[in-house]
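S.K.: A predicted structure for the sequence below; I have some questions about it.
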Amino acid sequence: MHKKNRFTREATKNETLTLALFKTEWNGACQIVSMIYEDLAKSFQDNVGFFTVDHEKEPALSSEFGVRDVPTILFFKNGQLVDHAVGLTAKNVLISKIESALNSSNSQSIH
């Protein structure tokens with residue numbers, strides 16, 4: 001429960017852009033995306049918050065945000081879900097999504 005409270009407070013209630021990677025340790029696509037995610041965290045550390053959620057250890061969080069497949073990256077801005085990426089996603093696509101979310105002045109929630 002503690003992790004859920006921290007995630008809710010720091011990711012979904014944060015005014016800055018925050019990404020959450022939902023993954024499992026054993027999934028090959030998750031391992032590849034995790035390496036890309038770590039690179040992105042280094043590149044954007046001054047402007048973006050990064051969280052990692054173990055899909056199997058935090059089923060309530062996965063369920064709350066409708067995460068069914070891993071890897072899934074959720075993009076939150078001003079407390080709203082503004083974008084997502086599911087599956088093996090190329091680094092340049094993720095960079096484009098991050099830059100788009102950072103540059104959007106009026107975030108709209110996605111459904």
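M.R.: Arrived safely.
S.K.: how about the most centrally placed residue in the chain, what does it touch?
M.R.: For the chain, the residue nearest the mean C-alpha position is A20 (2.3 Å; C-alpha atoms, centre = their mean). For A20, the contact set (C-beta atoms under 8 Å, 6 or more residues apart in numbering) comprises F7, A11, F51, T52, V53, F65, I73, L74, F76. In this view, the C-beta of every residue, glycine as well, is placed from N, C-alpha and C.
S.K.: repeat for C30
M.R.: Counting by C-beta under 8 Å, 6+ apart, C30 touches K23, T24, V70, P71.
S.K.: Include secondary structure, neighbour count and distance to K91 when you put the residues you listed into JSON lines, please.
M.R.: Below are the contacts of C30 laid out as JSON lines (DSSP: H, G, I helix; E, B strand; the rest coil; neighbours: other C-beta atoms under 10 Å; distance: C-beta to C-beta, whole Å):
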{"residue": "K23", "secondary structure": "strand", "neighbour count": "22", "distance to K91": "16"}
{"residue": "T24", "secondary structure": "coil", "neighbour count": "14", "distance to K91": "20"}
{"residue": "V70", "secondary structure": "coil", "neighbour count": "21", "distance to K91": "18"}
{"residue": "P71", "secondary structure": "coil", "neighbour count": "25", "distance to K91": "13"}
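S.K.: tell me the two of those residues that are most distant?
M.R.: Greatest spacing in the contacts of C30, by C-beta to C-beta: T24 and P71 (8.4 Å).
S.K.: related to what we said a few turns ago, and which of the contacts of C30 is nearest L94?
M.R.: Within those, proximity to L94 (C-beta to C-beta) peaks at P71, which comes in at 10.8 Å.
S.K.: Please determine how far the nearest residue to T72 once chain neighbours are set aside is located from L88.
M.R.: Setting aside the residues directly before and after it, T72 is nearest to F22 in space (C-beta to C-beta, 6 or more residues apart in numbering), at 4.5 Å. Relative to L88, F22 is positioned 14 Å away (C-beta to C-beta, to the nearest Å).
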